[in-house]
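Student: Provided below for reference: sequence and predicted model.
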Amino acid sequence: MAIGILTSGGDAPGMNAVIAGACEEAERLGRTVLGVRSGFAGLAGRRAEPITALQARTHMHEPGTWLETSRWPQLREAQGRALCSEAAELLGLEGLVVIGGDGSAKGARALAETLPVAVVPATIDRDLDGTDLTIGMDSAIGYAMDAIDRLRITGRSLPGRAFLVQTLGAPNGFLADAVAAAAGIDDVLVPERPYDLDAVAARLRELSETGSAIAVMSEAVGDAVRIAEALAERAGVRVHPTILGHTQRAATPSALDRALGQAAGRAAVSAVARGDSAFIGLTSDGAVAPIRLSPQPTASPDNQGATNVTPGYTQPLYILAFDHRTSFQTKLFGIEGTPTAEERERIQEAKGIILDGLLVAAEAAPEGTVGALVDEENGSAVAREAKRIGLPFAMSAEKSSVPEFDFEYGEDFASHIEEFEPDFVKILARYNPEGDRELNRRQAERLARLSDFLAPRETKYLFELLVPPEPHQLASLESDSERYALELRPQLVARAIAELQEAGVEPDLWKVEGLDSAEDCKLVADAARAGGRDDVACVVLGAGADEATVAHWLRQAATVDGFVGFAIGRTIFWDALKGWLAGDTDRETAVQTIAGNYRGTIELYESSAATAA
């Protein structure tokens, strides 16, 4: 029997030290070590060879991983996990040490059902729970510090300039915050907090003659070149973008990462040799703190209650929603009944126009913040194109225009999700906590099944919650629907969220109807984040409202922690498509109009958020 060691996902400085420590402990315990090449993909292909502690020590000073790494999405599927489990058995592994980040840890949990697995957190992204430090973090911070020190030298040598340093670390701003704090830099742009470019530019202008005019940003915020240009325009001085990029991954391992890496490797081997699965947490004072690694159940549509992954979404998100089906067909195209092949082709062409408008606007938007929401019926080509070009996209999974939620494809909903592998699965449900209790129970049961199915997957759950008034609620307000929206709906939305959570419905994002005040937005956001759901977020839906109304809703939401953006459609594209269908405008004009409307909506939200900060 042997112990396998693999590195997975993005490389990080110090991974080689973990391998060395693991080999030393294995030899001390009289175990053979098999080094697995290229991560889980290599394990599935049985690309493993005996390695020794002496061999591993010769690589300790090197960045990266000499065993090579890979990202292998097949591990999310039952077939991929079965291949790895079978390979581990054929290789004679009594245990496996996995060195990597969040995705690697998820893969390890999936395999822990069949053999002891120990996870060593090695990533510069700091995207794992259960550990204060990660292997590679100290080295990446030190590399960025060295770059900033050199920028200060050149800044003093030729005053009158400023610099914008972009770190890695998506999807969060942890690395940028850590670098800025260590460098004594006040201006740091991260996705978790709104930022004011005017204020940053003013400070850069003030410091430009000293050589210390430096701001730091996370790659999760967006395009460093574009933001540097915007700062330069405001500051009146040149702002040079310095993109550290993947050179941070290749930083020389620091003394801390080498020492802690070896200790973590020894602890990992010790755990699997005892037959235990463990996550090797690393404390802030540089000690290893192994905790039990529970196997991650494989969710199916029927395994109720699986809560494998803490729900949430922390990045800004601006979705252009065009998953409309019934309303698109009947109200925009005037088609009753089943469309002809020619009519369906025309509908699909219209959705292509919306996508093109989105892509035009995306050129000026922060990377990773824009996305499409489409349906399978008429938007499958859009979904496949989004997948091909790397555009984040959501797909709707509910039946259209029915009062009670059910899946569009019934019991076959899972296979349709797996066919497209969207970034988000969106459902729409109408749920009033004072409505029909049996109806609510049936809906919640189905909605919880989707939570269970998505729990072990990277696909996020986007829940569009509508709370229509009950007759008795309207009667209490003299049938005034505006008063209902202002006086009753915010509290009902919060109650509906709480009830659905209690029923096992765990969305990452709640798509909610517009709220009239920041106080109402906070009430809803607090409900979404109750019970330790600290990263769950809300986005605003447009409901086809006029531009002024939507703008008001966005201004309120943008000021509230817990709201990260919007998912709006008809307000952005409807008039442009009507003009195109009527022959009043050509295709390109419709594309540019949609792009302008979408871009303006993003700018409104971002400027409102920045003003609030």
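Tutor: Looks like it came in fine. This is a predicted model, so every value here is computed, not measured.
Student: restrict stretch 518-534 to CA atoms and write it as PDB.
Tutor: C-alpha atoms of stretch 518-534 as PDB (Å, rounded to 0.1, in the frame of the first residue of the first chain):
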ATOM      1  CA  ALA A 518     -32.800  51.700   1.600                       C
ATOM      2  CA  GLU A 519     -34.400  50.700   4.900                       C
ATOM      3  CA  ASP A 520     -36.600  48.200   3.100                       C
ATOM      4  CA  CYS A 521     -33.600  46.900   1.200                       C
ATOM      5  CA  LYS A 522     -31.700  46.400   4.400                       C
ATOM      6  CA  LEU A 523     -34.700  44.500   5.900                       C
ATOM      7  CA  VAL A 524     -34.700  42.100   3.000                       C
ATOM      8  CA  ALA A 525     -30.900  41.700   2.800                       C
ATOM      9  CA  ASP A 526     -30.700  41.000   6.500                       C
ATOM     10  CA  ALA A 527     -33.300  38.200   6.000                       C
ATOM     11  CA  ALA A 528     -31.300  36.700   3.200                       C
ATOM     12  CA  ARG A 529     -28.200  36.700   5.400                       C
ATOM     13  CA  ALA A 530     -29.800  35.400   8.600                       C
ATOM     14  CA  GLY A 531     -28.600  32.300  10.300                       C
ATOM     15  CA  GLY A 532     -24.900  32.600   9.300                       C
ATOM     16  CA  ARG A 533     -25.600  33.000   5.600                       C
ATOM     17  CA  ASP A 534     -23.200  35.900   5.500                       C
END
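Student: and that stretch, what's buried?
Tutor: Of the residues in stretch 518-534, 518, 520, 521, 522, 523, 524, 525, 527, 528, 529, 533 count as buried by neighbour count, 16 or more other CB atoms under 10 Å. Yep, even glycine has a C-beta here, placed from its N, CA and C like the rest.
Student: pick out the residue nearest the middle of the chain.
Tutor: Nearest to the mean C-alpha position of the chain, by CA atoms, centre = their mean, lies residue 313 at 5.5 Å.
Student: so that residue makes contact with residue 460?
Tutor: Yes - contact between residue 313 and residue 460 holds when scored by CB atoms under 8 Å: they sit 5.9 Å apart.
Student: shared neighbours, these two?
Tutor: 508, 509 (CB atoms under 8 Å, 6 or more residues apart in numbering).
Student: contacting residues for residue 346?
Tutor: Contacts of residue 346 (CB under 8 Å, 6+ apart): residue 333.
Student: give the helix, strand or coil label for residue 371.
Tutor: When classified by DSSP: H, G, I helix; E, B strand; the rest coil, residue 371 comes out as strand.
Student: so what's it closest to, chain neighbours aside?
Tutor: Spatial nearest neighbour of residue 371, chain neighbours left out: residue 392 (3.7 Å); criterion: CB to CB, 6 or more residues apart in numbering.
Student: residues contacting the one you found?
Tutor: So residue 392 contacts 317, 368, 370, 371, 372, 386, 423, 424 (CB under 8 Å, 6+ apart).
Student: and which of those is nearest to residue 541?
Tutor: Nearest to residue 541 among these is residue 317, at 12.5 Å by CB to CB.
Student: how much space between the spatially closest residue to the closest one that is not a sequence neighbour and residue 511?
Tutor: Nearest residue to residue 317, sequence neighbours excluded (CB to CB, 6+ apart): residue 565, at 4.1 Å. From residue 565 across to residue 511, the span is 10 Å (CB to CB, to the nearest Å).
Student: shared neighbours of those two, anything?
Tutor: 539, 540.
Student: next, count neighbours for the residue nearest to residue 44 when sequence neighbours are not counted.
Tutor: With sequence-adjacent residues excluded and distances taken as CB to CB, 6+ apart, residue 44 is closest to residue 83, at 4.2 Å. Neighbour count of residue 83, defined by other CB atoms under 10 Å: 20.
Student: tell me which helix or strand residue 83 sits in.
Tutor: Per DSSP states H and E, residue 83 falls inside helix 78-90.
Student: can you list the buried residues in that helix?
Tutor: Within helix 78-90, the residues scored as buried using 16+ other CB under 10 Å are 80, 81, 83, 84, 85, 87, 88.
Student: any idea of the mean pLDDT in it?
Tutor: Average pLDDT, helix 78-90: 92.
Student: same check on stretch 233-249?
Tutor: Mean predicted lDDT for stretch 233-249 stands at 94.
Student: and stretch 253-263, by the same measure?
Tutor: Taken as a whole, stretch 253-263 carries a mean pLDDT of 97.
Student: next one: it to chain centre, how far?
Tutor: 29 Å (CA atoms, centre = their mean, to the nearest Å).
Student: give the buried residues for the helix or strand containing residue 417.
Tutor: According to DSSP H and E, residue 417 maps onto helix 413-420. Buried residues in helix 413-420, counted by 16+ other CB under 10 Å: 413, 414, 416, 417, 420.
Student: what pLDDT does the residue sitting furthest away from the middle of the chain get?
Tutor: Distance from the centre of the chain peaks at residue 478, with 43.8 Å (CA atoms, centre = their mean). Predicted confidence (pLDDT) for residue 478: 87.
Student: so the residue nearest to the centre of the chain: helix, strand or coil?
Tutor: coil.
Student: the stretch 251-400 of the chain: strands as residue ranges?
Tutor: Taking DSSP state E, counting those that start in this stretch as the test, the strands found in the stretch 251-400 of the chain are 278-282, 288-292, 317-321, 370-374, 393-396.
Student: nope, the stretch 1-150 of the chain is what I meant
Tutor: 2-7, 32-36, 48-51, 93-100, 117-121.
Student: could you give the average pLDDT over the second one?
Tutor: What that stands for is strand 32-36. On average, strand 32-36 scores 98.
Student: stretch 548-564: end-to-end distance?
Tutor: The straight-line separation of the ends of stretch 548-564 (CA to CA, to the nearest Å) is 20 Å.
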